[in-house]
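Peer 1: any chance you could fold what I've pasted below:
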Amino acid sequence: MAGATFTSTTSFQDVTKTVYEPLMRDLSVTETELQDLFTEEENFSIQEGPDGKSINIAHLFSWGGGVSWMSQSDYIPAAQDPSIKQSSITIKQVGTTVEMSGQVMRRVKEGPAAYATWAQRVLPAKVQRLAFHKDTSLMGAGTGILFQVNMATPASTGLGINNAFGISGLAGSVNLIYLGDGIRIAADAAGATLRSGAAVVQKLAYSAATIDIDALPTSTANGDFISLGDANVNTFGKTNMGLLGIVDDGTVVPTFQNLSRSAFPLLQGQILNATTANGGIYNGQFGEELLDFADSIVYERGLGKPDVVVMNRSGRRAFWKDLKDDRRINDPAGSYTGGRSDDGLKMILGDRTVGLKVCRKCPSDRVFLLQKDTLKMFRVGPGRWDDTTGSIWNRSIDSTGRKDAYFAFYLEEYEVACDAPNRNLQITNCAAA
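Peer 2: Okay, the predicted model is just below:
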């Protein structure tokens with residue numbers, strides 16, 4: 001009697017082995033484009049305050065008057081008191097957590113069945129994810145806001161978003177978040193009125209400026225503010241200060257480092273509108289002439305000498321197009337690709353060469369001229385996996401008792417500041433390229 005004949009591979013599915021790639025393909029985003037702009041300050045003065053430790057920054061706004069032309073035997077000019085004031089900042093904390101059950105940890109910690117050791121693969125990847133959001137905050141205004149809801153009647157898990165960093169009209173909102181991020185939605189910019197329920201980002205649509213989330217928080221409305229968060233925590237008002245708050249004239253951040261910008265104008269960054277600057281001759285087009293004019297303005301008004309220019313890739317395209325329009329760029333012998341220097345675009349401004357640095361988190365219509373020695377980063381030690389208990393792994397405990405599960409927590413403590421915002425400039429309303 002003839003045996004049964006199997007003609008479909010489906011019948012053998014349970015006895016054939018599965019072959020895996022030696023290493024999973026890593027599609028996570030790593031982005032650290034801004035942190036190197038800030039100088040690390042290790043020897044800083046610390047003041048004990050009601051809100052914890054704060055950093056005092058001394059500002060000498062003026063040496064006072066006391067200058068006058070005189071006739072013979074005239075009175076000498078009267079001395080005036082100098083204008084000296086201390087501003088202050090408070091160190092911020094940012095952290096990220098990994099967790100797993102005890103069974104999973106015992107199986108993947110080591111051994112031939114594990115595709116990689118956690119200590120070598122997952123923990124560094126988590127720190128890279130944190131770097132993505134550190135870059136976001138270093139571009140922001142210290143509010144913790146990512147963007148706002150842009151939908152007349154939110155009724156599904158698909159949300160339109162706009163106003164990056166919660167600033168009206170600012171583009172680039174979808175660049176500030178990534179798949180798997182938890183978010184909280186609030187009716188107000190301070191996050192005092194949180195909508196009921198947390199959500200997780202499932203999908204991003206860059207062209208449409210929309211996000212898909214797993215669940216719509218109750219009563220979500222058009223214009224609501226969105227920050228990172230989950231059921232227990234949110235980032236409203238907790239992030240470090242960024243360039244949009246530092247290089248500001250008081251419109252976005254009226255009180256800077258606990259001092260009123262209206263009372264101390266030298267704390268105001270220079271703002272230049274690309275559409276109206278110099279009689280409107282640039283018409284919003286970012287290029288060599290606008291950059292040179294902006295450099296003149298920041299020196300004449302604040303004695304600033306920027307040494308780096310930060311922009312979106314749209315700004316870089318506009319600048320490159322402007323360069324190509326009025327000169328021939330031959331193929332030189334050197335480190336050039338397609339006529340462009342491999343170490344990035346540069347421009348000679350007066351007696352110095354300024355590098356043009358691109359950053360994806362920078363809104364497409366903004367360009368920053370920065371004097372790097374005015375930007376400071378104050379930190380309490382380097383970033384580290386917290387091992388206060390003797391190990392980075394801690395047992396999970398809830399109200400019932402101890403669980404067979406583990407978590408590890410990575411922590412960084414720092415804040416950024418500026419001792420001379422008026423020596424930096426922000427160009428607004430640059431046309432897309």
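
Peer 1: can you pull out the helices in this protein?
Peer 2: 102-108, 118-139, 243-246, 277-280, 288-302, 313-325 (DSSP state H).

Peer 1: mind saving the C-alpha coords of the first one as PDB?
Peer 2: This points to helix 102-108. Only the C-alpha atoms of helix 102-108 are listed here, as PDB (Å, rounded to 0.1, in the frame of the first residue of the first chain):
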ATOM      1  CA  GLY A 102      12.900  37.400  35.200                       C
ATOM      2  CA  GLN A 103      12.300  34.500  32.800                       C
ATOM      3  CA  VAL A 104      13.300  36.700  29.800                       C
ATOM      4  CA  MET A 105      16.400  38.000  31.600                       C
ATOM      5  CA  ARG A 106      17.600  34.500  32.500                       C
ATOM      6  CA  ARG A 107      17.200  33.400  28.900                       C
ATOM      7  CA  VAL A 108      18.800  36.300  27.100                       C
END
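
Peer 1: still on that earlier bit, and among the helices of the chain, the most buried is which?
Peer 2: helix 243-246 (a mean of 25; mean count of other CB atoms under 10 Å). The C-beta positions use only the backbone N, C-alpha and C, and glycine is treated the same way.

Peer 1: now that helix: average pLDDT?
Peer 2: In this model, helix 243-246 has an average pLDDT of 96.

Peer 1: quick one: low-confidence ranges for the protein?
Peer 2: 1-31, 40-53, 61-63, 107-121, 324-344 (pLDDT under 70).

Peer 1: chain neighbours aside, what residue packs nearest to the residue nearest the centre of it?
Peer 2: Nearest to the geometric centre of the chain sits residue 136, at 2.2 Å (CA atoms, centre = their mean). Excluding its sequence neighbours, the residue lying closest to residue 136 (CB to CB, 6 or more residues apart in numbering) is residue 176, at 5.0 Å.

Peer 1: now do residue 385 against residue 187, distance only.
Peer 2: Note on residue 385: its distance to residue 187, by CB to CB, to the nearest Å, is 36 Å.

Peer 1: just the strands in the stretch 101-250 of the chain please.
Peer 2: 147-149, 158-162, 182-186, 199-205, 210-213, 225-228 (DSSP state E, counting those that start in this stretch).

Peer 1: packing partners for the fourth one?
Peer 2: Judged by 3 or more CB pairs under 8 Å, 6 or more residues apart in numbering; DSSP states H and E, the packing partners of strand 199-205 are strand 182-186, strand 210-213.

Peer 1: residues contacting the residue lying closest to residue 360 once chain neighbours are set aside?
Peer 2: Among residues not flanking residue 360 along the chain, residue 175 sits closest, at 5.4 Å (CB to CB, 6+ apart). By CB atoms under 8 Å, 6 or more residues apart in numbering, the residues touching residue 175 are 164, 206, 360-361.

Peer 1: ditto for residue 151
Peer 2: Residue 151 touches 159-160, 222, counting by CB under 8 Å, 6+ apart.

Peer 1: what's across from the spatially closest residue to it that is not a sequence neighbour in the sheet?
Peer 2: Among residues not flanking residue 151 along the chain, residue 160 sits closest, at 4.4 Å (CB to CB, 6+ apart). Taking DSSP bridges as the rule, residue 160 bridges to residue 210.

Peer 1: verify the stated contact: residue 160 with residue 152.
Peer 2: No. Between residue 160 and residue 152 there is no contact under CB atoms under 8 Å: 9.0 Å.

Peer 1: of those two, which one has the most company?
Peer 2: When residue 160 and residue 152 are compared for neighbours, residue 160 comes out ahead with 18 against 9, by other CB atoms under 10 Å.

Peer 1: how much space between that one and residue 184?
Peer 2: Distance from residue 160 to residue 184, by CB to CB: 18 Å.

Peer 1: isn't residue 291 right up against residue 350?
Peer 2: No. Checked against CB under 8 Å, the pair residue 291 and residue 350 is beyond contact range at 11.8 Å.

Peer 1: picking that back up, residue contacts, the residue nearest to residue 151?
Peer 2: Counting by CB under 8 Å, 6+ apart, residue 160 has contacts 149-151, 208-210.

Peer 1: among the residues you listed, which one lies nearest to residue 296?
Peer 2: residue 209 (35.6 Å; CB to CB).

Peer 1: so who does the closest one touch?
Peer 2: Per CB under 8 Å, 6+ apart, neighbours of residue 209: 150, 160-162, 173-174.

Peer 1: can you redo those residues as CSV with distance to residue 320?
Peer 2: Below are the contacts of residue 209 laid out as CSV (distance: CB to CB, whole Å):
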residue, distance to residue 320
150, 31
160, 32
161, 29
162, 28
173, 25
174, 24
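
Peer 1: report the buried members of those residues.
Peer 2: Burial by neighbour count, 16 or more other CB atoms under 10 Å: within those this picks out 150, 160-162, 173-174.

Peer 1: hang on, the earlier thing: so the residue nearest to the centre of the chain sits against residue 147, correct?
Peer 2: No. In this structure, residue 136 is not within contact of residue 147 by CB under 8 Å, at 10.6 Å.

Peer 1: anything in contact with each of the two?
Peer 2: residue 176.

Peer 1: so in that sheet, which strands flank the longest strand anywhere in the chain, and in what orientation?
Peer 2: The longest strand of the chain (DSSP state E) is strand 402-418. Paired neighbours of strand 402-418 in the sheet (DSSP bridges): strand 92-101 (antiparallel), strand 375-379 (antiparallel), strand 384-385 (antiparallel), strand 394-397 (antiparallel).

Peer 1: send the alpha carbons of the last one over as PDB?
Peer 2: By that I understand strand 394-397. Output of strand 394-397 as PDB, limited to C-alpha atoms (Å, rounded to 0.1, in the frame of the first residue of the first chain):
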ATOM      1  CA  ASN A 394      16.600  46.300  40.200                       C
ATOM      2  CA  ARG A 395      13.700  44.000  41.100                       C
ATOM      3  CA  SER A 396      10.300  45.400  40.300                       C
ATOM      4  CA  ILE A 397       8.000  45.900  43.200                       C
END
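
Peer 1: okay, buried residues for it please.
Peer 2: In strand 394-397, counting by 16+ other CB under 10 Å, buried: residue 394.

Peer 1: what about residue 100, how many neighbours?
Peer 2: 19.

Peer 1: was I right about it contacting residue 408?
Peer 2: No. In this structure, residue 100 is not within contact of residue 408 by CB under 8 Å, at 9.3 Å.

Peer 1: and stretch 201-220, how far from the chain's centre?
Peer 2: Remark: stretch 201-220 is offset 21 Å from the chain centroid, using CA atoms, centre = their mean, to the nearest Å.
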